[in-house]
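Enquirer: have a look at this prediction, sequence included:
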Amino acid sequence: MRDRNVVRKFAFATRVGFVAENPEKKNQDTYLLAPNLSKKSSMHLFGVADGHGQYGHEVADFVKFMLPDTIEDKMSEYTDETNLDLVKVIKDSYKKVHANIAVGEVTDADFSGSTLCSVIVKGRNLYAANVGDSRAILITAD
């Protein structure tokens with residue numbers, strides 16, 4: 001059975017956290033939007049990366065741009081979509097992005113980083129993954 005697209009619209013918003021001693025604090029949050037992941041009209045990646053530390057915004061931006069491509073690369077390793085292990089793809093992709101941050105592909109990530117909360121919608125299935133203290137919640141209406 002072919003997956004049907006259940007996503008009709010999406011939006012995002014971020015807001016800088018309040019720090020009394022730093023009223024000019026930069027918003028280090030960024031969002032990931034990858035509708036039609038791997039050119040599939042029923043598969044979408046959405047996420048929020050919350051940067052922390054002096055270069056947290058750079059880490060979050062790195063994640064934003066690297067994760068969708070990494071997921072697509074990992075998915076392409078499956079020649080038959082019926083055998084696609086999306087959970088393994090997500091885990092392997094998170095690990096690869098983290099490894100690239102750890103080897104210095106970001107300016108200075110020794111004391112900076114990012115949490116990440118992401119979901120992949122595949123037809124009527126939702127796959128949620130997170131790193132750090134960010135979480136996704138699913139709210140349904142009858």
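Expert: Good, I have the coordinates.

Enquirer: which SS state does Ala99 fall under?
Expert: What DSSP: H, G, I helix; E, B strand; the rest coil gives for Ala99 is helix.

Enquirer: need the longest helix for the protein.
Expert: When the chain is parsed with DSSP state H, its longest helix is helix 56-76.

Enquirer: and that helix, what other elements does it pack with?
Expert: Packed against helix 56-76 by the contact rule (3 or more CB pairs under 8 Å, 6 or more residues apart in numbering; DSSP states H and E) you find strand 29-34, strand 43-52, helix 86-100, strand 113-122. For every residue, glycine as well, the C-beta is placed using N, CA and C.

Enquirer: distance check, the most far-flung residue of the chain relative to its centre against Lys39.
Expert: No residue in the chain sits farther from the centre than Glu21, which is 30.3 Å out by CA atoms, centre = their mean. Going from Glu21 to Lys39 by CB to CB, to the nearest Å gives 47 Å.

Enquirer: on that earlier part again, dump the helices and strands packed on helix 56-76 to TSV, plus mean neighbour count, distance to Ala129 and mean pLDDT.
Expert: Below are those laid out as TSV (neighbours: other CB atoms under 10 Å; distance: least, CB to CB, whole Å; pLDDT from 0 to 100):
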stretch	mean neighbour count	distance to Ala129	mean pLDDT
strand 29-34	19	12	92
strand 43-52	22	9	93
helix 86-100	16	5	94
strand 113-122	22	5	93
